[in-house]
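*Asks:* I would like to see how this sequence folds:
(2 chains)
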Amino acid sequence: MAQTTVTTRLKKLINTPETEVKDAMAGMAAAHADLIRVEYDPNVIIRKDAPRKGKVGLVSGGGSGHEPMHGGYVGLGMLDAACPGAVFTSPTPDQMARATAAVDGGAGVLHIVKNYTGDIMNFEMAAELARGEGAKVNAVITNDDVAVQDSLYTAGRRGVGVTVLLEKIVGGAAEAGADLDAVTTLAKKVNANGRSMGMALTSCIVPAAGKVTFEIADDEMELGIGIHGEPGRERTKLKSADEIAEILTSTIVKDLPYKRGDEVLAFVNGMGGTPLIELYVIFNAVNRYLTGEGIKITRSLVGNYITSLEMAGCSVTLLKLDAETTKFWDAPVHTPALRWKV
Amino acid sequence: MAVTGAQIYAWLERYAGIVAEQKQYLTGLDAAIGDGDHGINMDRGFQTVLVKLAPVRDKDVGTLLKTTGMALVGSVGGAGGPLYGTFFLRAGAALDGKAEVSDRDLVGALEAGLKGVVERGKANPNDKTMVDALTPAIEQAKQALDSGAPLEQALTAAADAAEKGMKATIPLKALKGRASYLGDRSIGHQDPGATSSYLMLRALSDSLAALPQRASTTTT
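*Replies:* Predicted coordinates for the structure are as follows:
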């Protein structure tokens, strides 16, 4: 068996691995009592004033360890509830069923699901449970990671950076009163127009495992990394930030493809262990590359928004914008992690 | 021979112990081609199973299995939760209300469980998943019963076939789950889900045969 892990001292700001998620939820509730409330067993983070009568409820969820996604996006103009699983592990159907019931204001509920085998199956079981209780539930799946070949031979592309942008844009539409079908259609449009690719400089330690998920040499990087410390598709020697940005951006541009004259939202995301100064170095190179291709950045987001614990690295996401998606990106938002125009 | 609720409970308890014992091993297999949490998740799930089974341990076989399924669905997460949860829910539904079950009923329930796993996960044979351990195992158990073998023998044959199926996942390229993201790099690694499924069937065979505990957790 080719197991390659090394024992590393668990040097983390936690009490025990078992209590980490609940301790963090309690911290969020205390820090953002004006925006959210939390429930335990099943664990759910809920918008303080949910359910809002007549508003489509937006529910997302996934493994913990990607903060601020998703709990940090609960609030005005974004999600109505988030279901945090164990670290890097999909939440369970009872969580999503409870979240759905808690935010259903009579206009139906949209589940926003990242394309991972476990997330899909748990959300499917939750939707079956919720529909059994009479709820109207749609689901949209994000699968924007170009590093994974989308074919019959894989579980399909992973949902990564576009998920954050989708939650914001669709949240704006739901806040403005769009109905469930309209919200679902918009969510699919956002996913269809977005692409991402990530890379890692280091691995990360899942607290319950207590050791790094994979080993990587000091002079190597992993291209096409996911957000769970799962290995990517290619291990190469470390390159400069400009070269890395160009590899990620050119792969994304060719995939959709993005064309001359397109207007895009460019999102440079940190994996959790990379300082903001380096993300701006990457953004600079992304901007230069896109300018050369005649693609115009009209909106941007730079920072740690969909992370992989303390992994160092970044991902680049491009979203082709139109008037509708631009309008809802710009719409007011007030959540623990994103706030503007409020 | 008729299988009693007490024997089914003994199986679940034994398997919970094996999962706890093999937690690091399963997690290590998963770290190689997945996200390194299979043992941790399964252990959390089966510790929950033991807690939830305590108040119903004298109930019928169907209740024991369904309680196990619900506990797993609500505590494991990942893909393992819905898949193992569905396996036990379907197996339990097939044995609803039965205090004792016949050999054929038991194997039929395992088959119903497998069918649920395939529906939920949409995996085909040779996709490098738990289906690769469960499918040949249940086939072998049915054949053994058809040829007149006693249940102990049928379940030993099932565990042996699961072990073979588990080992046969090593040269396969993963086509489902997170391991599929690796493409060819998934080749050469044993599938963690097939491994936990093998351990489950070996635990069943060992507990029903009431043999003295033997090395049932090959870690090669």
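
*Asks:* excluding chain neighbours, what is closest to residue 169?
*Replies:* With no chain named, the answer covers chain A. A:F328 (4.5 Å; C-beta to C-beta, 6 or more residues apart in numbering or on different chains). No exception for glycine: its C-beta is placed from N, CA and C like everyone else's.

*Asks:* actually chain B
*Replies:* Distances taken as C-beta to C-beta, 6+ apart put B:D191 closest to B:T169, at 4.0 Å, once the chain neighbours are dropped.

*Asks:* isn't A:N269 up against A:L165?
*Replies:* No: assessed by C-beta atoms under 8 Å, A:N269 is found out of contact with A:L165, at 10.3 Å.

*Asks:* sorry, back to before: can you check the pLDDT for the residue nearest to B:T169?
*Replies:* In the prediction, the pLDDT value recorded for B:D191 is 97.

*Asks:* swap in B:D37?
*Replies:* Turning to B:D37, the model gives it a pLDDT of 85.

*Asks:* measure how buried it is and give me the count.
*Replies:* In terms of burial, B:D37 registers 30 neighbours under the definition other C-beta atoms under 10 Å in any protein chain shown.

*Asks:* before we move on, what about A:K48?
*Replies:* By the criterion of other C-beta under 10 Å, A:K48 has 14 neighbours.

*Asks:* after the strand or helix carrying B:L83 comes which helix or strand?
*Replies:* Using DSSP states H and E, the element containing B:L83 is helix B:80-94. On the C-terminal side of helix B:80-94, the nearest following helix or strand under DSSP H and E is strand B:100-101.

*Asks:* contacts for the helix or strand following that next one, please.
*Replies:* Heading C-terminal from strand B:100-101, the first helix or strand you meet, by DSSP H and E, is helix B:103-121. Contacts made with helix B:103-121 from outside it, assessed by C-beta atoms under 8 Å, 6 or more residues apart in numbering or on different chains, are listed as A:117, A:121, A:124, B:1, B:3, B:65, B:79, B:82-83, B:86-95, B:98, B:101, B:123, B:129-131, B:134-135, B:138, B:141-142, B:145, B:150-151, B:154, B:158, B:176.

*Asks:* is whichever helix or strand comes after helix B:103-121 up against chain A anywhere?
*Replies:* With elements assigned by DSSP H and E, the helix or strand that comes after helix B:103-121 is helix B:131-146. No: interface with chain A: helix B:131-146 contributes nothing (C-beta under 8 Å from any C-beta of the partner chain), its closest point being 13.0 Å away.

*Asks:* mind listing what's buried in helix B:131-146?
*Replies:* For helix B:131-146, a neighbour-count test (16 or more other C-beta atoms under 10 Å in any protein chain shown) marks B:131-142, B:144-145 as buried.

*Asks:* swap in stretch B:171-190?
*Replies:* Residues of stretch B:171-190 classed as buried by neighbour count (16+ other C-beta under 10 Å): B:172-182, B:185-186, B:189-190.

*Asks:* likewise stretch A:18-37?
*Replies:* Residues of stretch A:18-37 classed as buried under the neighbour-count rule (16+ other C-beta under 10 Å) are A:20-21, A:24-25, A:28-29, A:32, A:35-37.

*Asks:* quick one: mean pLDDT for that stretch?
*Replies:* The pLDDT scores in stretch A:18-37 average 97.

*Asks:* for stretch A:171-189, same thing?
*Replies:* Along stretch A:171-189, the predicted local confidence has a mean pLDDT of 98.

*Asks:* span of it from start to end?
*Replies:* Distances were taken as C-alpha to C-alpha, to the nearest Å; on that basis the terminal residues of stretch A:171-189 are 14 Å apart.

*Asks:* quick check: residues of chain B near chain A?
*Replies:* The interface of chain B toward chain A, taken as C-beta under 8 Å from any C-beta, is made up of B:27-29, B:31-32, B:34-37, B:40-41, B:44, B:73-83, B:85, B:120-121, B:173, B:175-178, B:180-183, B:185, B:188-190, B:220.

*Asks:* if you set the cut-off to 7 Å instead, what comes out?
*Replies:* B:27-28, B:31-32, B:34-37, B:40-41, B:73-75, B:77-79, B:81-82, B:120-121, B:175-178, B:180-183, B:188-190 (C-beta under 7 Å from any C-beta of the partner chain).

*Asks:* which of those residues fall in helices?
*Replies:* Counting by DSSP state H, the part of the residues of chain B next to chain A found in helices is B:27-28, B:31-32, B:40-41, B:73, B:81-82, B:120-121.

*Asks:* tell me the secondary structure at A:T163.
*Replies:* Under DSSP: H, G, I helix; E, B strand; the rest coil, A:T163 falls in the helix class.

*Asks:* isn't it up against A:T142?
*Replies:* Yes: between A:T163 and A:T142 a contact is recorded at 4.6 Å, counting by C-beta atoms under 7 Å.

*Asks:* these two: which is more packed in?
*Replies:* Per other C-beta under 10 Å, whichever of A:T163 and A:T142 has more neighbours is A:T163, with 33 against 28.

*Asks:* please report how far that one lies from chain B.
*Replies:* When distances are taken as C-beta to the nearest C-beta, to the nearest Å, A:T163 and chain B turn out to be 17 Å apart.

*Asks:* which regions of chain B lie under the pLDDT threshold?
*Replies:* Low-confidence segments of chain B (pLDDT under 70): B:1, B:210-220.

*Asks:* what's near enough to touch the residue sitting furthest away from the middle of it?
*Replies:* Among the C-alpha atoms of chain B, the one farthest from their average position, using C-alpha atoms, centre = their mean, is that of B:D184, at 26.5 Å. Taking C-beta atoms under 7 Å, 6 or more residues apart in numbering or on different chains, we find B:D184 in contact with B:K173.

*Asks:* how about 10 Å then?
*Replies:* Shown in contact with B:D184 (C-beta atoms under 10 Å, 6 or more residues apart in numbering or on different chains): A:233, B:173-174.

*Asks:* re earlier: okay, now the residue nearest to B:T169: neighbour count?
*Replies:* For B:D191, the tally of surrounding residues (other C-beta under 10 Å) stands at 33.

*Asks:* A strand includes B:A20, no?
*Replies:* No: residue state for B:A20 (three-state DSSP) corresponds to helix; a strand is not indicated.

*Asks:* sorry, back to before: who touches both of A:N269 and A:L165?
*Replies:* A:196, A:301, A:305-306, A:317.
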